[in-house]
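Trainee: pasted the sequence and its predicted model underneath.
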Amino acid sequence: MPHKIGFTVVSSSGHEDGFSARELMVHAPTVNGWRSPRLCQYPQEIILQLVERCRIRKLQLLAHQYMIASKIEFYISETLPEYFAPYQSERFQRLGYVPLSDNEKTDFRARELKSVYMDAVGQYLKLIFHKNYVNKYNLYGQVALVAVNIIGDPADYGNDSMSSPSREKLIDHYLGIKSDDPALDGTYLGKRDSISPLDDLAFDMYQDPEVAQIIRRLDEKKREAVHHECYDHAKKLKQAIADLQKVGERLGRYEVEKRYAVEKEDYDLAKKKKDQMDEYRLKVYQQLELHDLLDAQLLIQKPPELPLRSVSGTESVQHSSPEPTDTSQGEPQSAELQEQLVDPTSSESVVPHQSPLPPQAQLTTSKESFSKENVEFLPYDERPLPAVCKQMDEAVAYLEPEVTEEVMSDSPRSGNTGEPEPLVEKALREASPVVEIFGETLVSGAYSRTWSYREDALLAVYTKLMEVSVDTPKEDLRNMLRAAVFLVQRAIKDTVSSVFQASLKLLKMIITQYIPKHKLGKLETSHCVEKTLPHLLSRTGDSSSRLRLLALTFIQEMALCPEVKSLQIIPVHLVKTLKPNSPTHLAMSHVELVECLLRDMGTENSGFTINNVMKFATGALDHKAHEVREVVLRIIFAMYREHRAAVLEYLPPDDASTRKTARYKTLFDGFAKIDGKSSETEIRAQRKAVTEEAEKQIKEEINILKGQPAALKELQAEAEAEEVIYQVYKSPQAAAAKIQEEPSSVGNYLDNLCIFCGERSESFTEEGLDLHYWRHCPVLTRCEHCKQMLEIASLTEHLLNDCDKRDSFVKCPRCREAVPRDELPRHIKSKICNPAKPENLANHCPLCHENFPPGEEAWRPHLMDKDGCKMNQRRVSPMNKTIVVQPGK
């Protein structure tokens, strides 16, 4: 009988940190699997060594939800190639390939389980991963494999089975039973060719590892009981296994939720989950011991603990751990973790299709069969994998077709029987009025544990109501409406997105079409809204962002619907007191609804009034969540814009004691901003920003200035020399006598003096003068192109001869200024420049482009006087400066 084959990872072409290929050796709900390196080259390879030489019957691959290879090739070998050629393909025999879905249909929230049937013998299996599908989540072009499962039997066993028919096959032949009879397929697990569901990959990926081990031991006991014809005991074991599978799924879900809470550092929730697991596990084990089904040895041999790792990936939007979720319901849900806190002491039976894992990455399973005829019609070379013909003398592998839809069954191990299960007595009593209207079959579907039946029941009610004739008596119409609302009220609480959406679709049709069509009046509309609104509001606190958004959008649309808007039911219900410790998701959705509807409906004849909105808002300001309080502040600001004085009546006075509370300080600052005033906070922030910017600019200029000390000192030395020469030229005898009497008089005269503009200041130390030259001296300027400090009088000559960008400038023949080379033709053609006079007649300023009296002594008055150069930004009034007046040179 084929069974799960253990394996080890021999080598891989690479992996991302924390996602080694050795992760594939463990099957559990919380494993991470293998992930290729970021921005890797393709193809990528993994080589697996089986525990012994085996005949592989079935290979299962669980793909990642968005790091998906376009196809995976399979090779098998009897021996491992030498060390110096570890990936030598000659030693491996190619079996074929399998394509994977790009997963766009599920919006990258589901994981594909691909099952491949084959008949190949060997001990080494090589998987080759080809280039990934491109999508918005796979930022680094990676491929990943969450889990791989190999099912087969020892090669010698397979050869023996091929050489002689088994006892079971001889009996089947004698009784005239065909081995491929679909009616018997999978019904007798004792057949040599059958595969136990406990060896399926889906079993391990759903189950708590400890419970999975107990289930396997109980399965062995069951087979022993059947062998010894102890059928009563076998029946008891069978029921225990079925119950334990549900228990294992729930414990697996608790484990993932616990690790997710640890990752989020929510240790209270983690402890709660751990206590739930321990209490629930103890209760189940006590029940098994009570029925004498649990041996102490089953608890001693626990599986190895898995490493505690993050259950969410580093890619942002979606979790990357192998979380196959809710495949039976087939509904790709939001990437957020659903917290379904189930009381372990509750006597309620566990629904088998509920997954133990977060719903962000579902497990989609492939179909378990593929007709031989379809494979035989394909050319051999075009087959993705050679077909397996289940015949005694022929062993060829075939590939199962690609999954196109998610599984619609209650669990990965069972399928729909075609009819929903009958109603239990409690449900029958509860829904008896609905049964009288729609019949027991439809109501059974609405109460079914299979999500597809529940959805079909709602759609059937939708069709029935749409087809009702207008001539139907009013009493019958009302009865049908109330029965439909009862089913909607129940379906709104459904955790499956498809069922929830079907309930919204039915409710919308009732309000907008059924009631107006049959003129049932406002009383029935009010009944629909009042019965469903509390449940809809509770869904706005769902941990699934997708379901929250659906509920929010529907409530908003329903509130604005003319049939409901006039009743003013929803606004009045929304402004009820919000508890400060209410769940964050629920409170956030609540205040967002108030904000949106208040904006759309206003406070005139809408159900919203200044009184009820402000009482709601002032109470909600005490909520524990910061994001909730932010929305409440926006609501109050919106009310203040419309009703300023009336809003202030519901708030404490604006004084120093009130402003000590952060939320009221923010509130009153917002009011000031709405009134066009600057708040205290803004004024302080502006002053601080201006100060910091000025300090930053000074530091930058000083740093630049320190990089050019040589140029400044050279410029200063030249000016000092000119000053001394000027004094000697003016009065040689007086100068000589002064120098002889006081040799240091020239140096003392130049202390604390700017020799360019003549300003004297005590702050003109060496560093103070540098700063004065750089920022304030009206005779100097800074070249915009090379940042060099120079005299304004020499700016034109600098741009033409000395500047780093001198090749970009040419001299205008008319104004004799430096003009950019590419602008010269336009400059000359426009004739807008002021013609320069000869140097002996006038100087020409490069800043204001004006002509003024000739001579070097005329530059300082032009650049510094009040009526001088208008374009000199450093020009100041001489009254504000201490200037050393000197006669003209």
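Mentor: Okay, I see it. This structure is a prediction, so every number in the text was calculated from the model and none was measured. Numbering: from 1, shown residues only.
Trainee: in stretch 570-589, what counts as buried?
Mentor: Within stretch 570-589, the residues scored as buried using 16 or more other CB atoms under 10 Å are I570, P571, H573, L574, V575, L578, S582, H585, L586, A587, M588, S589. C-beta coordinates here come from the backbone N, C-alpha and C atoms, glycine included.
Trainee: name the residues that touch that stretch?
Mentor: For stretch 570-589, contacts defined as CB atoms under 8 Å, 6 or more residues apart in numbering pick out 529, 533, 537-538, 540-543, 548, 551-552, 555, 558-559, 564, 590-591, 593-594, 597, 601, 606-608, 612-613, 615-616, 619-620, 622-625, 627-628, 631.
Trainee: what helix or strand is L790 located in?
Mentor: Per DSSP states H and E, L790 falls inside strand 789-791.
Trainee: okay, now the sheet partners of that strand, with direction.
Mentor: strand 780-782 (antiparallel) (DSSP bridges).
Trainee: for the strand it pairs with, report the contacting residues that lie outside it.
Mentor: Against strand 780-782 from outside (CB under 8 Å, 6+ apart): F756, Y773, W774, Q788, M789, L790, E791, I792, L795, L847, R874.
Trainee: still on that earlier bit, what about the strand holding L790, distance to the chain center?
Mentor: Taking CA atoms, centre = their mean, to the nearest Å, one finds the center of strand 789-791 at 57 Å from the center of the full chain.
Trainee: need the residues that contact the next helix or strand after it.
Mentor: Sequence order places helix 795-797 as the next helix or strand after strand 789-791, per DSSP H and E. With CB under 8 Å, 6+ apart as the test, helix 795-797 has contacts from T781, C783, K811, R816, E817, A818, P846, L847.
Trainee: so which of the residues you listed are in strands?
Mentor: T781, K811, A818 (DSSP state E).
Trainee: how many residues are close by the first one?
Mentor: In this case it means T781. 22 (other CB atoms under 10 Å).
Trainee: next: the second one.
Mentor: Here the count is done by other CB under 10 Å, and K811 has 15 residues near it.
Trainee: what does the pLDDT read for it?
Mentor: What the model reports for K811 is a pLDDT of 90.
Trainee: next up, the contacts around it.
Mentor: Applying CB under 8 Å, 6+ apart, the residues contacting K811 are T796, L800, E817, A818, V819.
Trainee: hang on, the last one packs against V810?
Mentor: Yes - counting by CB atoms under 8 Å, a contact exists between V819 and V810, whose distance comes to 6.1 Å.
Trainee: so between those two, which is more surrounded?
Mentor: Per other CB under 10 Å, whichever of V819 and V810 has more neighbours is V819, with 23 against 17.
Trainee: which residues in the stretch 51-200 of the chain form strands?
Mentor: 71-77, 93-99, 110-129, 144-154 (DSSP state E, counting those that start in this stretch).
Trainee: and those as a markdown table, adding distance to E425, mean pLDDT and mean neighbour count?
Mentor: Shown next, in a markdown table, are the strands of the stretch 51-200 of the chain (distance: least, CB to CB, whole Å; pLDDT from 0 to 100; neighbours: other CB atoms under 10 Å):
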| stretch | distance to E425 | mean pLDDT | mean neighbour count |
| --- | --- | --- | --- |
| strand 71-77 | 51 | 92 | 20 |
| strand 93-99 | 49 | 89 | 17 |
| strand 110-129 | 37 | 89 | 23 |
| strand 144-154 | 42 | 91 | 23 |
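Trainee: quick one: low-confidence parts of the stretch 601-750 of the chain?
Mentor: 678-683, 698, 701-750 (pLDDT under 70).
Trainee: err, the stretch 351-500 of the chain, not the other one
Mentor: 351-418.
Trainee: and the helices in it?
Mentor: In the stretch 351-500 of the chain, helices defined by DSSP state H, counting those that start in this stretch lie at 372-376, 425-430, 432-438, 440-446, 451-467, 474-491, 497-509, listed in chain order.
Trainee: so what does the helix or strand that comes right after the last one touch, helix or strand wise?
Mentor: As assigned by DSSP H and E, the chain's next helix or strand after helix 497-509 is helix 515-518. Helices and strands touching helix 515-518, by 3 or more CB pairs under 8 Å, 6 or more residues apart in numbering; DSSP states H and E, are helix 474-491, helix 522-539.
Trainee: would you mark the buried spots in helix 515-518?
Mentor: Applying 16+ other CB under 10 Å to helix 515-518 flags I515, H518 as buried.
Trainee: for it, give me every contacting residue.
Mentor: So helix 515-518 is contacted by V468, V470, T472, K474, L477, L481, G521, E524, T525, C528, E563 (CB under 8 Å, 6+ apart).
Trainee: any idea how far that helix is from the chain center?
Mentor: 44 Å.
Trainee: what does stretch 2-14 give?
Mentor: Using CA atoms, centre = their mean, the offset of stretch 2-14 from its chain centre is 33 Å.
Trainee: same thing with stretch 632-648?
Mentor: 34 Å.
Trainee: ditto for stretch 582-596
Mentor: On CA atoms, centre = their mean, the centre of stretch 582-596 falls 21 Å from that of its chain.
Trainee: send me that stretch as CSV with only the CA atoms.
Mentor: Taking Å, rounded to 0.1, in the frame of the first residue of the first chain, the C-alpha atoms of stretch 582-596 are listed here in CSV:
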residue,chain,number,x,y,z
SER,A,582,-15.0,48.9,22.6
PRO,A,583,-12.8,46.9,20.0
THR,A,584,-10.7,49.2,17.8
HIS,A,585,-12.0,47.8,14.4
LEU,A,586,-15.6,48.2,15.5
ALA,A,587,-15.2,51.6,17.0
MET,A,588,-13.2,52.8,14.0
SER,A,589,-15.8,51.7,11.5
HIS,A,590,-18.5,53.2,13.7
VAL,A,591,-17.0,56.7,13.8
GLU,A,592,-16.1,56.6,10.1
LEU,A,593,-19.7,55.8,9.3
VAL,A,594,-20.9,58.8,11.4
GLU,A,595,-18.3,61.0,9.6
CYS,A,596,-19.3,59.9,6.1
